[in-house]
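Participant: Predicted model, plus sequence, below.
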Amino acid sequence: MASLYAKNNKLYLSIYHNGQRVIKPTGLEDNAKNRKLVSNDLLPNVLFQIQTGQIDISSKKESKTVSFYAELFLKSKKALLKDSSYVRYDSIIRNQILPLFGNRDISSIKLSEIKKWYNYTG
(Lines give C-alpha, C1' and ligand atoms only; values in the text may rest on other atoms or scores of the structure.)
Protein backbone atom coordinates (compact mmCIF):
# COMPACT_ATOMS: atom_id res chain seq x y z
CA MET A 1 0.00 0.00 0.00
CA ALA A 2 1.29 3.45 -0.85
CA SER A 3 0.14 7.03 -0.72
CA LEU A 4 1.30 10.49 -1.60
CA TYR A 5 1.44 13.44 0.77
CA ALA A 6 2.93 16.91 0.99
CA LYS A 7 5.09 18.43 3.71
CA ASN A 8 6.77 21.83 3.54
CA ASN A 9 5.62 22.19 -0.07
CA LYS A 10 7.44 18.97 -1.11
CA LEU A 11 5.89 15.65 -2.17
CA TYR A 12 6.64 12.41 -0.34
CA LEU A 13 5.75 8.78 -0.91
CA SER A 14 4.47 6.85 2.09
CA ILE A 15 4.89 3.14 1.43
CA TYR A 16 4.01 0.28 3.75
CA HIS A 17 6.51 -2.52 3.18
CA ASN A 18 6.95 -5.64 5.33
CA GLY A 19 4.75 -4.17 8.03
CA GLN A 20 6.73 -0.94 8.29
CA ARG A 21 6.04 2.51 6.96
CA VAL A 22 8.81 3.83 4.74
CA ILE A 23 8.80 7.47 3.67
CA LYS A 24 10.70 8.50 0.57
CA PRO A 25 11.02 12.08 -0.70
CA THR A 26 10.30 12.70 -4.37
CA GLY A 27 12.23 15.96 -4.48
CA LEU A 28 9.31 17.58 -6.31
CA GLU A 29 7.32 20.63 -5.27
CA ASP A 30 3.70 20.19 -4.30
CA ASN A 31 1.62 21.35 -7.27
CA ALA A 32 -1.07 19.81 -9.46
CA LYS A 33 1.31 18.89 -12.29
CA ASN A 34 3.76 17.09 -9.98
CA ARG A 35 0.99 15.33 -8.04
CA LYS A 36 -0.35 13.96 -11.32
CA LEU A 37 3.15 12.92 -12.43
CA VAL A 38 3.87 11.13 -9.15
CA SER A 39 0.45 9.46 -8.93
CA ASN A 40 0.36 8.27 -12.54
CA ASP A 41 4.01 7.49 -13.25
CA LEU A 42 6.40 7.49 -10.31
CA LEU A 43 4.31 5.70 -7.69
CA PRO A 44 3.24 2.75 -9.91
CA ASN A 45 6.82 2.40 -11.15
CA VAL A 46 8.25 2.37 -7.62
CA LEU A 47 5.67 -0.17 -6.45
CA PHE A 48 6.46 -2.42 -9.43
CA GLN A 49 10.20 -2.21 -8.72
CA ILE A 50 9.63 -3.06 -5.06
CA GLN A 51 7.46 -6.07 -5.93
CA THR A 52 9.96 -7.39 -8.46
CA GLY A 53 12.92 -6.85 -6.14
CA GLN A 54 14.61 -4.29 -8.37
CA ILE A 55 14.83 -1.85 -5.46
CA ASP A 56 14.86 -2.45 -1.73
CA ILE A 57 13.32 0.26 0.41
CA SER A 58 13.58 -1.54 3.72
CA SER A 59 15.37 0.37 6.39
CA LYS A 60 18.78 -1.19 6.77
CA LYS A 61 19.79 0.96 9.64
CA GLU A 62 21.84 -1.33 11.81
CA SER A 63 22.59 -0.16 15.25
CA LYS A 64 26.27 -0.25 16.03
CA THR A 65 27.26 -0.69 19.62
CA VAL A 66 30.22 0.72 21.47
CA SER A 67 31.62 -2.84 21.57
CA PHE A 68 31.56 -2.98 17.77
CA TYR A 69 33.54 0.25 17.43
CA ALA A 70 35.86 -0.65 20.30
CA GLU A 71 36.86 -3.84 18.48
CA LEU A 72 37.45 -1.91 15.25
CA PHE A 73 39.58 0.58 17.15
CA LEU A 74 41.67 -2.11 18.81
CA LYS A 75 42.20 -3.94 15.52
CA SER A 76 43.34 -0.72 13.85
CA LYS A 77 45.83 0.01 16.65
CA LYS A 78 47.26 -3.52 16.96
CA ALA A 79 49.86 -3.08 14.23
CA LEU A 80 50.64 0.55 14.99
CA LEU A 81 51.38 0.46 18.71
CA LYS A 82 54.03 -1.12 20.86
CA ASP A 83 52.76 -4.17 22.68
CA SER A 84 52.76 -2.35 26.03
CA SER A 85 50.69 0.53 24.61
CA TYR A 86 48.23 -1.86 23.00
CA VAL A 87 47.80 -3.76 26.26
CA ARG A 88 47.05 -0.50 28.07
CA TYR A 89 44.47 0.55 25.43
CA ASP A 90 42.90 -2.89 25.57
CA SER A 91 42.77 -2.78 29.36
CA ILE A 92 41.08 0.64 29.47
CA ILE A 93 38.49 -0.39 26.89
CA ARG A 94 37.69 -3.77 28.44
CA ASN A 95 37.74 -2.70 32.09
CA GLN A 96 36.36 0.83 32.00
CA ILE A 97 34.49 1.59 28.80
CA LEU A 98 32.77 -1.67 27.83
CA PRO A 99 31.24 -2.43 31.24
CA LEU A 100 29.49 0.94 31.16
CA PHE A 101 28.80 1.56 27.46
CA GLY A 102 29.53 -1.74 25.69
CA ASN A 103 26.04 -2.92 24.68
CA ARG A 104 24.67 0.54 23.97
CA ASP A 105 24.03 1.92 20.53
CA ILE A 106 26.72 4.49 19.85
CA SER A 107 24.14 7.12 18.87
CA SER A 108 22.31 6.79 22.18
CA ILE A 109 25.21 7.96 24.32
CA LYS A 110 25.05 11.54 25.48
CA LEU A 111 28.00 13.88 25.88
CA SER A 112 27.06 14.37 29.53
CA GLU A 113 27.49 10.62 30.13
CA ILE A 114 30.95 10.66 28.59
CA LYS A 115 31.93 13.70 30.65
CA LYS A 116 30.65 12.04 33.81
CA TRP A 117 32.63 8.87 33.01
CA TYR A 118 35.78 10.85 32.18
CA ASN A 119 35.61 12.94 35.33
CA TYR A 120 35.09 9.84 37.45
CA THR A 121 37.94 7.83 35.90
CA GLY A 122 40.27 10.66 34.89
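Facilitator: Cool, the structure landed.
Participant: Lowest mean pLDDT among the helices and strands, pick that one out for the chain.
Facilitator: helix 43-51 (a mean of 81; mean pLDDT, DSSP states H and E).
Participant: so how far is the helix or strand following that one off the chain centroid?
Facilitator: Scanning forward in sequence from helix 43-51 by DSSP states H and E, the next helix or strand is helix 66-78. Relative to the chain's own centre, helix 66-78 is displaced by 19 Å; criterion: CA atoms, centre = their mean, to the nearest Å.
Participant: Give me the contacts around helix 66-78.
Facilitator: For helix 66-78, contacts defined as CB atoms under 8 Å, 6 or more residues apart in numbering pick out 86, 89, 90, 93, 97, 98, 101, 102, 103, 104, 106, 109. Placement of C-beta: from N, CA and C, glycine included.
Participant: Map the structural domains onto the sequence of the chain.
Facilitator: 2-51, 66-121 (automatic domain parsing).
Participant: So, low pLDDT: which residues of this structure?
Facilitator: 57-63, 122 (pLDDT under 70).
Participant: Now the most far-flung residue of it relative to its centre: which helix or strand?
Facilitator: Distance from the C-alpha centroid of the chain, by CA atoms, centre = their mean, peaks at residue 84 (35.6 Å). If you go by DSSP H and E, residue 84 is part of helix 83-92.
Participant: and that helix, what does it pack onto?
Facilitator: helix 66-78 (3 or more CB pairs under 8 Å, 6 or more residues apart in numbering; DSSP states H and E).
Participant: In the chain, where's the longest strand?
Facilitator: Across the chain, the longest stretch assigned as strand under DSSP state E is strand 20-29.
Participant: any idea how far that one is from the chain center?
Facilitator: With CA atoms, centre = their mean, you get 17 Å for strand 20-29.
Participant: what angle do that strand and helix 43-51 make?
Facilitator: 140 degrees (axes from the mean of the first three to the mean of the last three CA atoms, to 10 degrees).
Participant: Pull out the buried positions in the following helix or strand past strand 20-29.
Facilitator: Going down the chain from strand 20-29, the next helix or strand is helix 32-37, by DSSP H and E. Buried residues in helix 32-37, defined by neighbour count with 16 or more other CB atoms under 10 Å: 34, 35.
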